[in-house]
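> sequence unavailable; structure follows:
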């Protein structure tokens, strides 16, 4: 069986991705006394495939909702219970699987979605929370590398946005007759790039996580509630 792709090894840590200890110490000095992260701890726990999720062998895939995305779904800067996935799980009272991979683009989300479609039981619903359309993944000798426009080595010669659009269309078509399929994004640019995306208004970011760069607890709560309403129309 082909495994899902991630660039993170199995480990447990108190900081991850852009949510660094150095940045945390800096942010603490600038935030008011009632800032929740003065006292709220965060633990990043990853399974043996590198996802912020319980071991896959313990998941009842047929009864679950599976969510793909980047760090916004992985939950960078958030405690486990505050991520979109866990808040959605609590609302709909059904298992929700976190397949978010920090720093990644639409291409990896589609690749992992294809793995789910090919090798796993069909879930109750698939949710794609699309990342920024200008990101892409590069395969190195022993790992995958996230390529973002603001980082060294980014290849501007290829039209990554156009490729991402086609990944979206491919992914949507793949699941069309198999299960409930929902799309959205926290990125305004992703929402506005093409009329071909069947998305409602993008999720609103009204607060920030501990790194002050990712959607916060309230933002994820609103997103979870919006997704729950859509799922309810499908009796999930």
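Good, I have the coordinates. Note that the structure is a prediction, hence the values are computed from the model and not measured.

> helix or strand right after the least confident helix or strand in the chain by mean pLDDT?
Counting by mean pLDDT, DSSP states H and E, the chain has its least confident helix or strand at helix 188-192, which shows a mean of 59. Using DSSP states H and E, the helix or strand that follows helix 188-192 in sequence is helix 217-233.

> pull out the buried residues from that following helix.
217, 219, 220, 221, 222, 223, 224, 226, 227, 228, 231 (16 or more other Cβ atoms under 10 Å). Backbone N, C-alpha and C define where each C-beta goes, glycine included.

> likewise stretch 133-143?
Along stretch 133-143, these residues count as buried under the neighbour rule (16+ other Cβ under 10 Å): 133, 134, 135, 136, 137.

> how much space separates the closest residue to the first one other than its chain neighbours from residue 114?
Translated: residue 133. In space, and not counting its chain neighbours, residue 133 is closest to residue 164: 4.1 Å by Cβ to Cβ, 6 or more residues apart in numbering. Between residue 164 and residue 114 the distance is 15 Å, computed by Cβ to Cβ, to the nearest Å.

> in this protein, which spans are strands?
12-13, 44-45, 65-69, 96-100, 125-130, 136-139, 144-147, 180-185 (DSSP state E).

> so can I have CSV of those showing distance to residue 80 and mean pLDDT?
Listed next are the strands of the chain as CSV, based on distance: least, Cβ to Cβ, whole Å; pLDDT from 0 to 100:
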stretch, distance to residue 80, mean pLDDT
strand 12-13, 11, 80
strand 44-45, 7, 94
strand 65-69, 14, 98
strand 96-100, 9, 98
strand 125-130, 17, 96
strand 136-139, 25, 90
strand 144-147, 22, 89
strand 180-185, 21, 92
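
> picking up where we left off before, can I get the buried residues of stretch 133-143 in CSV including distance to residue 54?
CSV is the format used below for those (distance: Cβ to Cβ, whole Å):
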residue, distance to residue 54
133, 31
134, 32
135, 27
136, 29
137, 25
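
> quick check, nearest of the buried residues of helix 217-233 to residue 158?
Using Cβ to Cβ, residue 223 is the member of these that lies nearest residue 158, at 30.8 Å.

> report pLDDT for the residue nearest to the closest one when sequence neighbours are not counted.
Leaving out its chain neighbours, the residue that sits closest to residue 223 by Cβ to Cβ, 6+ apart is residue 203, at 4.3 Å. You'll see residue 203 listed with a pLDDT of 85.

> wait, residue 203 touches residue 185, no?
Yes - using Cβ atoms under 8 Å, residue 203 is in contact with residue 185, at 7.1 Å.

> who touches both of these two?
residue 129 (Cβ atoms under 8 Å, 6 or more residues apart in numbering).

> can you tell me how far the residue of the chain most remote from its centre sits from residue 22?
The outermost residue of the chain relative to its centre, with distances by Cα atoms, centre = their mean, is residue 33 at 30.1 Å. Residue 33 sits 22 Å away from residue 22, taking Cβ to Cβ as the criterion.

> report the buried residues of stretch 31-43.
Residues of stretch 31-43 classed as buried: 37, 42 (neighbour count, 16+ other Cβ under 10 Å).

> OK, contacts around residue 227?
Contacts of residue 227 (Cβ under 8 Å, 6+ apart): 84, 88, 127, 182, 184.

> quick check: chain neighbours aside, which residue is closest to the second one?
When the adjacent residues along the chain are set aside, residue 88 lies closest to residue 224, with 4.1 Å between them (Cβ to Cβ, 6+ apart).
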